[in-house]
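A.B. asks: Build me a model:
(chains A and B)
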Amino acid sequence: MNQEILAIGFGLVTASILALSAVGFTLQFGVTNIFNLAFGHVMTISAFVAYVVNVDARLGIGFALAAGAATGAIGSVLINRLIYRPFLLRGATLFTMVIVTLATGAILLNALQIVVGTDFHSYTIVQQSSVHFLGMIFTPRQLLIIGLAVGSMLALHGVLRHTRLGKAMRATQVNAELARSCGIATDLVTDMAWLVSGAFCGLAGVALALNLSAFSFTFGNDFLLVIVACAVLGSVGHVYGALVGAVVIGLASEEAAIVAPDLKEVVAFAILVLILLARPNGLFSRTFTQQMNVSAQQ
Amino acid sequence: MSIAYQTYVITLLVYFGVNAIAVWALNLQYAYAGILNFAFIMFQAAGAYSAAVLTLGPSTGATFQSYFFGASLPFPLPWLGAAAVGAVLALLIGAFAMRPARRDFQAMVMLVVSIIAATLVVSEGSWFNGQRGLAFVPHPFFHAAAGNFASPGIGYQWFYVGLTFATCVVVYVLVHLITSSPWGRRLRALRDNPEAIESLGVNIRRESLKVFMIGGAIASLSGAILVQYIGSWSPGSWATPETFLYLAAVIVGGAGNNFGVTIGAALVLGVFMEVVLYLPNFGATGVAEAIQFMLIGVLILAFLYWRPQGLIPERRRRFARRAADAPPAPLVES
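C.D. replies: Below you'll find the model as predicted:
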């Protein structure tokens, strides 16, 4: 059996998880301009809530996914409302906000450690036979992850392109002040951005935990830098760019894993470093260059 | 005082000196150049590893630890070598980490670099003995009998405290000279209004890179001092949360004020981290530490929210009013 083709299969799964998380990360960044270092911890917390639903309450994995998405969404909105927004209202700079998100992440991580401990957990899933497709092998849970990612991406595309909310989000992203003066309730749009990106974050957390055989309280944050690599590759704030970044890094890292499993992350980081050297603002920065310059001043 | 008690006090004092030097370096980068150095602890580690391989002697391969290079240089060469390594490392990393315009992107690149570095040091055992790390690093001016790694007596340990504090004085004077010089003024201008200072012809990236290198050198020096006291250094000594602690010390003490961050280091890294040892054991293993780190997070948030200037704020600079007939002073030194 051809290893490269097998790896493409694994790559598609990794890319799906990366797409869910990187799109969530980048969407929230685009609207709020906050580099949210607590993102990975919210993923982990969502996965643990899903674990409670799946293992302790003995509900199916569908319920677990829904619970994870809800936790991510509500958690993100709460974090923004209770912590980030008060700082922004006090005039905190984006520079300060990075430290605020870092400190928030540290609080979440250690609180989670106190609650769940350092043990490894795994979901209970009925074992089913794997599916062979064009030389790739997928377990049913991997197919679920890919389907989830494709479905969510299509739904997000629909929202962004064909609803008033999507239009308002895109307007806020390009120029928040102009959007506000045009009568867009940017506070509401910001909340919605946190809600939607939080839902993606939660789904990604459960998806990642599903794909790992076992997970502990640090797994989301361990994954954060790969997510950031995808987002930066596709220009942070650019939703479709993040999607491209996820596919590129997902496939590249799994192909690299054929050579040595340790190379997985190294490849993602190497891509991140190369892109920052060649195009500091990412592949799709043309329309975003101006926005980057504006935010750099803050 | 009993010997055990003295040793405890000595350890605290050496750590305090090392931490003070480290927070001055971080303060220089954070408060004077606006660089959010998430790879800070890596520079301290670079200094510790450099000082270790410069004193341990050639790696024979026959001993229990293997490392790259290896020399046994006399004091103060290992410390100076460590500082030089820190500066070069900062140059290499700053050259690409500072390419993105946004500070938070730069911080992200540094975080990635720090994690890659830790991964490499663990996986490449021939560099610095991998996960087990280096041990039996010689103490300066201390010659144990051959093959005998006896720990030095209490007198020597007090001498080391003196050596550390003397270095503190040198570094403090150096940092003070930098921050109160015209160049330091330019750096503050750069931090407060980068567009204005750029319009005056200052190359922001180059100036930031200089500060990054000086900070890197000082951070490495702190690592060198620490490793020659404790005698060992492993990947566990420089996990990412350590950077978070130093950042907390700077924010609590007062970013931009060297005296303030020294107090911050004493309070956060000394009193706050030490006090848990005096509490009775509670909870499962690691719970006390988790609460500690949670509280550090809360402390950072509380300070950034209610007192962003820290306990001892940055000094307001006063400049003499120039006489009416004097020619206007140049805004930027050439």
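
A.B. asks: any low-confidence regions in the stretch 151-298 of chain A?
C.D. replies: A:286-298 (pLDDT under 70).

A.B. asks: Could you tell me how many residues sit around A:Ala57?
C.D. replies: 11 (other Cβ atoms under 10 Å in any protein chain shown). (Each C-beta comes from the backbone N, C-alpha and C, glycine too.)

A.B. asks: domain assignment for chain B?
C.D. replies: B:3-140+B:152-236, B:240-314 (automatic domain parsing).

A.B. asks: JSON lines please, covering these and showing mean pLDDT.
C.D. replies: Shown next, in JSON lines, are these (pLDDT from 0 to 100):
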{"stretch": "domain B:3-140+B:152-236", "mean pLDDT": "88"}
{"stretch": "domain B:240-314", "mean pLDDT": "88"}
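
A.B. asks: secondary structure element for residue 171?
C.D. replies: No chain was given, so I picked chain A. helix A:164-174 (DSSP states H and E).

A.B. asks: should've been chain B
C.D. replies: Using DSSP H and E, B:Val171 falls within helix B:154-180.

A.B. asks: do the same with A:His132
C.D. replies: strand A:131-133.

A.B. asks: thinking again about what came up before, most tightly packed of the domains of chain B?
C.D. replies: domain B:3-140+B:152-236 (a mean of 20; mean count of other Cβ atoms under 10 Å in any protein chain shown).

A.B. asks: so which strand or helix has residue 85?
C.D. replies: You didn't pick a chain, so chain A it is. Using DSSP H and E, A:Arg85 falls within helix A:85-89.

A.B. asks: nope, chain B please
C.D. replies: Using DSSP H and E, B:Val85 falls in helix B:77-97.

A.B. asks: now B:Pro152
C.D. replies: Per DSSP H and E: nothing holds B:Pro152, as it lies in no helix or strand.

A.B. asks: coming back round to it: got the buried residues for the helix holding A:Ala171?
C.D. replies: Within helix A:164-174, the residues scored as buried using 16 or more other Cβ atoms under 10 Å in any protein chain shown are A:166-173.

A.B. asks: ok, how many other residues are close to A:Met192?
C.D. replies: Each residue near A:Met192 was counted by other Cβ under 10 Å, and the total is 19.

A.B. asks: That one touches A:Arg164, doesn't it?
C.D. replies: No. A:Met192 lies out of contact with A:Arg164 (Cβ atoms under 8 Å); the separation is 11.1 Å.

A.B. asks: Show the subsequent helix or strand relative to the helix holding B:Val171.
C.D. replies: Assigned by DSSP H and E, the successor of helix B:154-180 is helix B:182-192.

A.B. asks: Okay, A:Ser224 and chain B: tell me how far apart.
C.D. replies: For residue A:224 the amino acid is Leu, not Ser. Relative to chain B, A:Leu224 is positioned 9 Å away (Cβ to the nearest Cβ, to the nearest Å).

A.B. asks: Spatially, which residue comes closest to that residue, not counting chain neighbours?
C.D. replies: A:Gly40 (3.4 Å; Cβ to Cβ, 6 or more residues apart in numbering or on different chains).

A.B. asks: follow-up on the earlier one: show me which positions of the following helix or strand past the strand holding A:His132 end up buried.
C.D. replies: Downstream of strand A:131-133, the first helix or strand assigned by DSSP H and E is strand A:136-138. By 16+ other Cβ under 10 Å, the buried positions in strand A:136-138 come out as A:136, A:138.

A.B. asks: Report all helices and strands that strand A:136-138 contacts.
C.D. replies: Where contact means 3 or more Cβ pairs under 8 Å, 6 or more residues apart in numbering or on different chains; DSSP states H and E, strand A:136-138 is packed against helix A:3-32.

A.B. asks: and the helix it packs on with chain B, contact?
C.D. replies: No. On the criterion Cβ under 8 Å from any Cβ of the partner chain, helix A:3-32 is out of touch with chain B, staying 9.7 Å away.

A.B. asks: Who are the contact partners of B:Val227?
C.D. replies: B:47-49, B:51-52, B:134, B:137, B:233 (Cβ atoms under 8 Å, 6 or more residues apart in numbering or on different chains).

A.B. asks: now it, nearest residue through space, not along the chain?
C.D. replies: B:Ala48 (3.8 Å).

A.B. asks: Relative to B:Asn27, how far out is that neighbour?
C.D. replies: 20 Å (Cβ to Cβ, to the nearest Å).

A.B. asks: can you check B:Pro280 too?
C.D. replies: 36 Å.

A.B. asks: Help me confirm that B:Gly34 comes into contact with B:Asp104.
C.D. replies: No. Using Cβ under 8 Å as the test, B:Gly34 is too far from B:Asp104 to be in contact (11.1 Å).

A.B. asks: Kindly report the residues of the stretch 1-150 of chain A close to chain B.
C.D. replies: Selection of the stretch 1-150 of chain A residues close to chain B by Cβ under 8 Å from any Cβ yields A:35, A:83, A:86-87, A:90, A:92, A:94-100, A:102-107, A:109-111, A:113-114, A:117-118.

A.B. asks: picking up where we left off before, so when I look at the residue nearest to A:Leu224, I'm seeing a helix, right?
C.D. replies: Yes. Assessed by DSSP: H, G, I helix; E, B strand; the rest coil, A:Gly40 belongs to a helix.

A.B. asks: how many neighbours does it have?
C.D. replies: Neighbours around A:Gly40, by other Cβ under 10 Å: 29.

A.B. asks: any idea how far B:Ile291 is from chain A?
C.D. replies: As judged by Cβ to the nearest Cβ, B:Ile291 and chain A stand 7 Å apart.

A.B. asks: can you tell me which residues contact that residue?
C.D. replies: B:Ile291 touches A:110, A:114, counting by Cβ under 8 Å, 6+ apart.

A.B. asks: what separates it from B:Ile41, distance-wise?
C.D. replies: 22 Å.

A.B. asks: same check, this time on A:Arg81
C.D. replies: From A:Arg81 to B:Ile41 the distance is 33 Å (Cβ to Cβ).

A.B. asks: ok, back up a step: counting contacts, what elements does the helix holding A:Ala171 pack onto?
C.D. replies: Counting contacts by 3+ Cβ pairs under 8 Å, 6+ apart, helix A:164-174 packs against helix A:3-32, helix A:140-162, helix A:176-181, helix A:186-211.

A.B. asks: is it possible to export these to CSV including distance to B:Leu269?
C.D. replies: Formatted as CSV, the helices and strands packed on helix A:164-174 follow (distance: least, Cβ to Cβ, whole Å):
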stretch, distance to B:Leu269
helix A:3-32, 32
helix A:140-162, 43
helix A:176-181, 39
helix A:186-211, 33
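
A.B. asks: and of the ones you listed, who's closest to B:Glu198?
C.D. replies: Taking Cβ to Cβ, helix A:176-181 is the member of these nearest to B:Glu198, at 23.8 Å.

A.B. asks: helix or strand right after the strand or helix carrying B:Leu13?
C.D. replies: Counting by DSSP H and E, the element that carries B:Leu13 is helix B:3-27. Counting by DSSP H and E, the next helix or strand C-terminal to helix B:3-27 is helix B:40-55.

A.B. asks: Just name whatever secondary elements that following helix is in contact with.
C.D. replies: helix B:3-27, helix B:77-97, helix B:103-123, helix B:125-128, helix B:204-230, helix B:241-253.

A.B. asks: right, and those helices - which one's nearest A:Gly151?
C.D. replies: Closest among the helices and strands packed on helix B:40-55, using Cβ to Cβ: helix B:103-123, at 29.8 Å.

A.B. asks: Who are the packing partners of the closest one?
C.D. replies: helix A:94-116, helix A:219-233, helix A:263-278, helix B:40-55, helix B:77-97, helix B:125-128.
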